[in-house]
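> predicted structure and sequence below. I'll ask about it afterward.
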Amino acid sequence: MSPNDLLMEEERYQLYMLQILEARKSTFCSVDQICEILELSKYKAEKNLEALQDTLLLVEEKSSIIVEPTGEIHLSGITNLLLKKMRLYYLEKSPYFFMFHSFITKEMGVETQLEQLPVSRSLAYKYQKYVKKLLSEENFKLNKNQVIGSEFRLRSFVFGFYYDVFNGISNPFSVEISKMTKEIIDFLVNYQNVSIPKTKEHKLTFFINVWLTRISHGHLVKEEYTRMKDNTLKEYLMRIMVTNFSLSRGSCEKEISYFFLFLGLEEIEPTSVEEYLNLESEKDVKRITMELLTKLSKQFNSNFQKLTNYQELADGLTMINRRWLVYHFRESSFILKVQLKYFQEVNPRFEQFVRTFIGNLDDALFESTQEKNKLYYDYLFFLITKIPVEELEEPIYVCIDFSHGKSYNDYIRMMLLTLKSMHIVYEESISSMTQIYLSDFALEELICEQMIWKRPPTPDDWEEFGELLLKVRGVDHE
């Protein structure tokens, strides 16, 4: 179940149109292309585009979509943030989302919802049937206005859904729950001296909101997930649980251990966790981590255990796999071809390795194909930042020799140091190893590639140099 599943059909098409337009905003796009991609008639596409134009003005006055008589589409002010705002705008109008949100946050029945929904009773129950169907596809049930199932899985699913939809835009939870959430985060920051970046603070805020909302309706976890240190944070949370929800000490211990699990796996406050307990996935975590490291070494003919940061590498991959297999968080955004092309060009061996490794994992490990998107990014970014490119790539030898002299050569070399994703060795004079000669004048009878730049180099010069590097490295960049 994705947020788009809770949109009305017309709004869903309009959002898809906006996503396509935003992805192609720097290239030619037309009504005919929209029709082809979404399999719509020209009439329906044009009507939805008109409605989309009107809605855009309500959400962001400075944005616009202009359709020329030829069918060509021009955009202004269409950003990824606007996409998020538009999706939220459509969701908050949707009776499907209203019902889902009412069941999750208020456990409000259909008859009570009808007081706020401007639809007939028969239509309301039709909407309820659709929401129940979506929940059942996630192995959850709607029983007497309550969404039930595996409590741990349900919380993870609801957190992922709300974090994706509302993050950075608005807060959909009650005033009371939001107030408690803020107090807990303030305690972490001010009394535990935990430094939390803004992005993690947003994530933590949504996690706590979902956690406290479920507790407030009497839905509790039944296990302890961590062995915790007895510290002031644990004592403070005990008081919160008892004062606001009248929980027994045993229930408090389990709920706080659930919260500490998140603090540990998200590396917000890992020092409060002494040990992870009752994690059914732990065998798979260790097996997949070792399998990944072994295949990594074979793929790159390198003994990564010799790296000075090998333990950091192993621990980081373990944490990525543990987060994935414990929470099954999803990445709702698609991996676009242009993104794949970028990684395939800049980090081809890592990209191919990660894509192949994930493709060979047992599908039974995934609860959703969207998890593969998140895992792809998690692996790729972690490996790129933790394993030096020198361990993976044969060097490309580049001789920098401009007529302006040493200072100018040093300047060009400094500019080229931004190409950290490639293993480049810079030479001051031509040698038998030189593969690219970079200069402002040409030399006859050179057996290596030559790149003749203007002074200073233009954007086109940089682009051509990047293409030449890919050619020398043997990457098909077409």
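All right, it came through fine. Residues are numbered from 1 along each chain as shown.

> got any ranges where the stretch 201-350 of the chain has weak pLDDT?
Low-confidence segments of the stretch 201-350 of the chain (pLDDT under 70): 278, 300-308, 331-347.

> in it, which spans are strands?
Applying DSSP state E, counting those that start in this stretch to the stretch 201-350 of the chain gives strands spanning 226-228, 273-276.

> a markdown table for these, including distance to Arg322 and mean neighbour count?
C-betas here are computed from N, CA, C, even on glycine. Formatted as a markdown table, these follow (distance: least, C-beta to C-beta, whole Å; neighbours: other C-beta atoms under 10 Å):
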| stretch | distance to Arg322 | mean neighbour count |
| --- | --- | --- |
| strand 226-228 | 12 | 19 |
| strand 273-276 | 8 | 14 |
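
> wait, which of those strands is closest to Ala23?
Ala23 sits nearest to strand 273-276 of all the strands of the stretch 201-350 of the chain, at 39.6 Å, using C-beta to C-beta.

> so what strands line up beside the closest one?
Partners of strand 273-276 in the sheet, by DSSP bridges, are strand 226-228 (antiparallel).

> show me where the stretch 51-200 of the chain has its strands.
Applying DSSP E, counting those that start in this stretch to the stretch 51-200 of the chain gives strands spanning 64-67, 73-76, 141-143, 146-148.

> now tabulate the ones you listed in a markdown table and tack on distance to Leu40 and mean neighbour count.
Below are those laid out as a markdown table (distance: least, C-beta to C-beta, whole Å; neighbours: other C-beta under 10 Å):
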| stretch | distance to Leu40 | mean neighbour count |
| --- | --- | --- |
| strand 64-67 | 14 | 15 |
| strand 73-76 | 14 | 16 |
| strand 141-143 | 33 | 14 |
| strand 146-148 | 34 | 16 |
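
> in TSV, list the strands of the stretch 201-350 of the chain along with distance to Met108.
Formatted as TSV, the strands of the stretch 201-350 of the chain follow (distance: least, C-beta to C-beta, whole Å):
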stretch	distance to Met108
strand 226-228	34
strand 273-276	36
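
> want to throw the strands of the stretch 51-200 of the chain into CSV with distance to Lys42 and mean pLDDT?
Formatted as CSV, those follow (distance: least, C-beta to C-beta, whole Å; pLDDT from 0 to 100):
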stretch, distance to Lys42, mean pLDDT
strand 64-67, 11, 86
strand 73-76, 13, 86
strand 141-143, 40, 92
strand 146-148, 41, 94
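
> take those strands and write them to a markdown table, including distance to Glu266.
Compiled in a markdown table, those are given as follows (distance: least, C-beta to C-beta, whole Å):
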| stretch | distance to Glu266 |
| --- | --- |
| strand 64-67 | 38 |
| strand 73-76 | 36 |
| strand 141-143 | 29 |
| strand 146-148 | 24 |
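
> out of these, which comes closest to Trp453?
strand 73-76 (34.3 Å).

> what does the closest one contact?
Identification of contacts with strand 73-76 by C-beta atoms under 8 Å, 6 or more residues apart in numbering yields 21-22, 25, 29-31, 34, 49, 62-68.

> can you select the buried ones among those for me in ChimeraX?
To isolate the buried ones among the contacts of strand 73-76 in ChimeraX, judged by 16 or more other C-beta atoms under 10 Å, type:
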select :21,29,31,34,49,63,65,67
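
> which residue in the contacts of strand 73-76 has the weakest pLDDT?
Lowest pLDDT within the contacts of strand 73-76 is found at Lys25 (80).

> not counting its neighbours along the chain, what's nearest it?
Spatial nearest neighbour of Lys25, excluding adjacent residues (C-beta to C-beta, 6 or more residues apart in numbering): Leu75 at 4.9 Å.

> what do you get for Ala51?
In space, and not counting its chain neighbours, Ala51 is closest to Gln14: 6.0 Å by C-beta to C-beta, 6+ apart.

> show me the helices in the stretch 1-150 of the chain, by range?
For the stretch 1-150 of the chain, the helices defined by DSSP state H, counting those that start in this stretch cover 9-23, 31-38, 42-59, 80-93, 95-105, 110-113, 121-137.

> mean neighbour count, those helices: which tops it?
Neighbour counts (mean count of other C-beta atoms under 10 Å) averaged over each of the helices of the stretch 1-150 of the chain peak at helix 95-105, with a mean of 21.

> about what we covered before: looks like the residue nearest to Ala51 contacts Lys93 (just checking).
No - using C-beta atoms under 8 Å, Gln14 is not in contact with Lys93, being 11.4 Å away.

> show me the protein divided up by domain.
As recorded under automatic domain parsing, the domains making up the chain are 3-92, 95-128+135-267, 282-391, 396-473.

> so for Val273, which of those domains sits nearest?
domain 95-128+135-267 (3.9 Å).

> which residues does Tyr125 contact?
Applying C-beta under 8 Å, 6+ apart, one finds that Tyr125 lies in contact with Val110.

> ends of stretch 25-32, how far apart?
Using C-alpha to C-alpha, to the nearest Å, the end-to-end distance of stretch 25-32 comes out at 15 Å.

> lovely, talk soon.
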